[in-house]
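>>> sequence first, then the predicted structure:
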Amino acid sequence: MDSPEMTFTLAYLVFAVCFVFTPNEFHSAGLTVQNLLSSWLGSEDAAFVSYHLRRTAATLLCHSLLPLGAPGARVIVTDTWVMKVTTYRVHVAQQQDVHLTVTESRQHELSPDSNLPVQLLTICVASASPAVRPFDIRLNSTEYGELCEKLRAPIRSAANVVIHQSLGDLFLETFASLVEVNPAYSVPSSQELEACIGCMQTRASVKLVKTCQEPAVGECQQCYCRPMWCLTCMGKWFASRQDPQRPDTWLASRVPCPTCRARFCILDVCTVR
Ligand SMILES: [Zn+2]
Ligand SMILES: [Zn+2]
Ligand SMILES: [Zn+2]
């Protein structure tokens, strides 16, 4: 590392990468194209179109001088327009002409701020106007409801896409996958499984058995209820007892049995065999 050329090349590369991909530190230091040229660009709020015409041209010019390309996009939906603002382009479609279709959903295992999975939706925005080329927007499934409210026409969904709009919906999948690896509970052959008393749609499929610790240890208690709930209803019950502001605490928490109030944790939910 003693050659000055090497040091300069490294420093230049770091700067170029940070300038194009703009980490938070560069944003707060004002080292972005928007900020450096702010007086020439004008105000986004006052003149959206001319601002973005100038911004995309300037960004393209600045970045073309550096050896990288760059991702990043923002979606803006107003009463009349659906817009996607990327580093180099602005896609605009008029609301009255567009058809939106959810084409893909991806589950990302864990989000950094909560311990719950996030579902990202890809929505294709196609316009009846031939001048507007279709474009894709991506958003978190929890923002989907807000988007639907803002749009005049319903969003179509490809047949195989299931959208989890709430934290509770997202939690149910995690809950089911965790219960799956717990030991199963075998019902005595004489015992008939009844319909789940929560939904009356399916048979009861889970039994609470204290398996997380030894019987007399810890906060969990043994529940003596017969299997009365299906997995989904038990998951919904578990989610309903949680603090929506603290999703990071959900998985480790204990809730009372919906029938006898014995406290249990996720490790104690056993699938009935
Ligand atoms: Zn049920
Ligand atoms: Zn119970
Ligand atoms: Zn437990």
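Perfect, thanks for sending it. Ligands and ions are numbered 1, 2, ... in the order given.

>>> I'd say K210 and V269 touch.
No - under the criterion of Cβ atoms under 8 Å, K210 is not in contact with V269, lying 10.7 Å apart. Where you see a C-beta, it was placed from the backbone N, CA and C, and this is true even at glycine.

>>> bridged to the spatially most central residue of the chain, which residues?
The residue lying closest to the centre of the chain (Cα atoms, centre = their mean) is V118, at 3.0 Å. Beta-bridge pairing for V118 (DSSP bridges): H108.

>>> state the distance from it to ligand 1.
26 Å (Cβ to the ion, to the nearest Å).

>>> so that residue makes contact with R138?
No - taking contacts as Cβ under 8 Å, V118 lies outside contact range of R138: 11.5 Å.

>>> who touches stretch 248-260?
Residues outside stretch 248-260 that contact it (Cβ atoms under 8 Å, 6 or more residues apart in numbering): 113-116, 171, 174, 178, 198, 208, 219-220, 223-225, 228-229, 234, 237-239, 241-243, 262-266.

>>> now the residue of the stretch 51-200 of the chain found nearest ligand 2, nearest residue through space, not along the chain?
Nearest to ligand 2, among the residues of the stretch 51-200 of the chain, is I197, at 12.0 Å (Cβ to the ion). Spatial nearest neighbour of I197, excluding adjacent residues (Cβ to Cβ, 6 or more residues apart in numbering): M228 at 5.2 Å.

>>> ok, that neighbour to ligand 3 distance?
As defined by Cβ to the ion, M228 lies at a distance of 18 Å from ligand 3.

>>> what's around that residue, how many residues?
The number of residues packed near M228 is 20, by other Cβ atoms under 10 Å.

>>> so it versus H52, what's the distance?
Separation of M228 from H52 (Cβ to Cβ, to the nearest Å): 58 Å.

>>> so F238 makes contact with D268?
No - with contacts counted by Cβ under 8 Å, F238 stays clear of D268, the gap being 10.8 Å.

>>> just the element for V20, please.
Per DSSP states H and E, V20 falls inside helix 4-21.

>>> could you say what helices and strands that helix packs with?
The contact analysis (3 or more Cβ pairs under 8 Å, 6 or more residues apart in numbering; DSSP states H and E) places helix 4-21 against helix 24-28.

>>> next up, the contacts around L53.
V90.

>>> and if you look at T202?
For T202, the contacting residues are A195, C196, C230, T232, by Cβ under 8 Å, 6+ apart.

>>> cool, V209 as well?
So V209 contacts P183, Y185, Q222, C223, D268, C270 (Cβ under 8 Å, 6+ apart).

>>> and C230, by the same measure?
Residues in contact with C230 (Cβ under 8 Å, 6+ apart) are C196, G198, C199, Q201, T202, R203, A204, S205, V206.

>>> isn't the third one up against T232?
Yes - the pair formed by C199 and T232 meets the contact definition of Cβ under 8 Å, at 7.2 Å.

>>> so for those two, which residue has more residues nearby?
The residue with more neighbours, out of C199 and T232, is T232; 18 against 12, by other Cβ under 10 Å.

>>> residues contacting that one?
T232 touches L172, A176, C199, T202, counting by Cβ under 8 Å, 6+ apart.

>>> need the residues you listed in a markdown table with secondary structure, can you?
Formatted as a markdown table, the contacts of T232 follow (DSSP: H, G, I helix; E, B strand; the rest coil):
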| residue | secondary structure |
| --- | --- |
| L172 | helix |
| A176 | helix |
| C199 | coil |
| T202 | coil |
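
>>> looking at the residues you listed, which is nearest V75?
If you rank the contacts of T232 by distance to V75 using Cβ to Cβ, L172 comes first, at 26.8 Å.

>>> how close does that closest one sit to E194?
In terms of Cβ to Cβ, L172 sits 22 Å off from E194.

>>> compare the two (neighbour count), which wins?
Using other Cβ under 10 Å as the criterion, L172 and E194 rank with L172 on top: 18 against 12.
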